[in-house]
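In: Following is a predicted model, sequence given first.
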Amino acid sequence: ECYQGKGQSYRGTTSITASGKKCQAWNSMFPHRHEKTPDRFPNADLRDNYCRNPDGDNSPWCFTTDPSMRWEYCNLKRC
Ligand SMILES: O=S(=O)(Nc1cnn(C2CCNCC2)c1)c1cc(Cl)ccc1F
């Protein structure tokens with residue numbers, strides 16, 4: 001899978017970060033409490049724990065399930 005531009009329209013199902021960590025679900029506050037919830041960003045398709053780019057960063061990312069790493073870019077290439 002790849003993302004176009006900055007991946008703001010990426011709607012794939014990759015849920016692994018660049019260093020191989022599992023993504024935290026967007027509707028979960030564990031281990032990381034955060035503000036990027038599906039309710040607050042209804043257009044960003046923050047579904048399950050899929051990589052997304054709801055804040056206009058350079059590529060899709062996610063909060064990670066590793067308590068020592070809040071977020072990370074995902075294991076995706078630019079198209
Ligand atoms: O819940 S958060 O989105 N957490 C957070 C921390 N860093 N990031 C990065 C995610 C990738 N893009 C750059 C910010 C997101 C968040 C955002 C803001 Cl503006 C302030 C506090 C906060 F808790």
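Out: Yep, that arrived. Numbers count the residues shown, from 1 in each chain.

In: Return the residues of the protein in contact with the ligand.
Out: Residues of the chain lying close to the ligand (CB under 6 Å from any ligand atom) are 34-36, 55, 57, 61, 70-71. Bear in mind the C-beta positions are built from the backbone N, C-alpha and C, glycine included.

In: Name the residues that touch stretch 15-29?
Out: For stretch 15-29, the external contacting residues (CB atoms under 8 Å, 6 or more residues apart in numbering) are 30-32, 36-38, 46-52, 61-66, 69, 72-75.

In: go again using 6 Å as the cut-off
Out: Contacts to stretch 15-29, defined as CB atoms under 6 Å, 6 or more residues apart in numbering, come from residues 32, 38, 46, 48-50, 62-66, 72-75.

In: Can you get me the start-to-end distance on that stretch?
Out: One end of stretch 15-29 sits 17 Å from the other (CA to CA, to the nearest Å).

In: What residues of that stretch count as buried?
Out: By neighbour count on 16 or more other CB atoms under 10 Å, the buried set for stretch 15-29 is 15-17, 21, 23-26.
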